[in-house]
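K.L.:
Give the three-dimensional model of this entry:
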Amino acid sequence: MAGFAGLCWSGLAVSGFLDALAAGSPAPAAGSAAALTLAQAAALCAKSARLSVHQLTAAVADQLTHEAEQIRATAASLIDRDPLAYQGVLEALRRRADGPGDGGDQDAGVAAALSAAADVPLRVVELAVPVTALAATLAADGNPALRGDATAAGLMAQAAARAAAWLVRINLAGVPGDPRHARADALLASIDERLG
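P.N.:
You can find the predicted model right below:
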């Protein structure tokens, strides 16, 4: 099976990424799409902050821009990290299918791979929290001409978080007591409260 290492979906043109997303291959998939949505939300926050110098002061606008750009870069890196994590799941499933015996070791390998694969979408949920905070601040106090952009950024971050939290639940379905279930739920609740 060909691996995903070395593949860079985040560097594709929009049409190329959409073609890859729609293709009949395992990756990129929903985790990459959620990460891209979050990166776009952070980019809209950066734009709104840059164009809110007169409303926020230059220092505050610069600080918010810097924060948004850092999150954008991290979220963009998750576009490529998610397929790599999922590759581990595919390889563990293949080993289980090919392996002899009762499959106990192979089942443990699949469970470990699914657990590792939950970390990337959980990171998307975590990053969505500060993006929604930025978006709410910019919608309330930033340039009124960009209120729509800031509000859209918050809604996009919320959607990315909800999609990513669903992926966390799927990957951790076999371990309902895993604390990442509760963490994702708590983060979603804080996002929903902020966006009211």
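K.L.:
burial of Ala46, as a residue count?
P.N.:
Other residues lying near Ala46 total 22 when counted by other CB atoms under 10 Å. For glycine as for every other residue, the C-beta is placed from the backbone atoms N, C-alpha and C.
K.L.:
which residue packs closest to it, ignoring adjacent ones?
P.N.:
In space, Ala46 comes closest to Ala68 once its chain neighbours are excluded; the distance is 3.9 Å by CB to CB, 6 or more residues apart in numbering.
K.L.:
Give me the pLDDT for the one you found.
P.N.:
As predicted, Ala68 sits at a pLDDT of 98.
K.L.:
Going toward the C-terminus from the helix or strand containing it, what's the next helix or strand?
P.N.:
Ala68 is located in helix 58-98, with elements delineated by DSSP states H and E. Counting by DSSP H and E, the next helix or strand C-terminal to helix 58-98 is helix 104-117.
K.L.:
returning to what we had before: and the helix holding Ala68, what does it pack onto?
P.N.:
Packing partners of helix 58-98 (3 or more CB pairs under 8 Å, 6 or more residues apart in numbering; DSSP states H and E): helix 30-50, helix 104-117, helix 119-141.
K.L.:
Now for the chain, the helix or strand with the poorest mean pLDDT.
P.N.:
helix 104-117 (a mean of 85; mean pLDDT, DSSP states H and E).
K.L.:
Need the residues that contact it.
P.N.:
With CB atoms under 8 Å, 6 or more residues apart in numbering as the test, helix 104-117 has contacts from 85-86, 88-89, 91-93, 95-96, 99, 171-172, 174-175, 178.
K.L.:
and Ala165, how many neighbours?
P.N.:
Count around Ala165 with other CB under 10 Å applied: 24.
K.L.:
My guess is it contacts Leu187. True?
P.N.:
Yes. Here Ala165 reaches Leu187: they are 7.5 Å apart, a contact under CB atoms under 8 Å.
K.L.:
Now the common contact residues for these two.
P.N.:
Val125.
K.L.:
any weak-confidence spans in this protein?
P.N.:
Along the chain, segments meeting pLDDT under 70 span 1-12, 100-106.
K.L.:
quick check, distance from stretch 161-173 to the centre of its chain.
P.N.:
11 Å (CA atoms, centre = their mean, to the nearest Å).
K.L.:
could I get that stretch in PDB with only the CA atoms?
P.N.:
Below are the C-alpha coordinates for stretch 161-173, written out as PDB (Å, rounded to 0.1, in the frame of the first residue of the first chain):
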ATOM      1  CA  ALA A 161     -14.900  22.000  15.400                       C
ATOM      2  CA  ARG A 162     -18.200  20.100  15.200                       C
ATOM      3  CA  ALA A 163     -17.000  18.000  12.200                       C
ATOM      4  CA  ALA A 164     -13.600  17.300  13.900                       C
ATOM      5  CA  ALA A 165     -15.300  16.400  17.200                       C
ATOM      6  CA  TRP A 166     -17.500  13.900  15.300                       C
ATOM      7  CA  LEU A 167     -14.300  12.300  13.900                       C
ATOM      8  CA  VAL A 168     -12.900  12.100  17.500                       C
ATOM      9  CA  ARG A 169     -16.000  10.200  18.500                       C
ATOM     10  CA  ILE A 170     -15.800   7.800  15.600                       C
ATOM     11  CA  ASN A 171     -12.100   7.100  16.200                       C
ATOM     12  CA  LEU A 172     -12.700   6.500  20.000                       C
ATOM     13  CA  ALA A 173     -16.000   4.700  19.700                       C
END
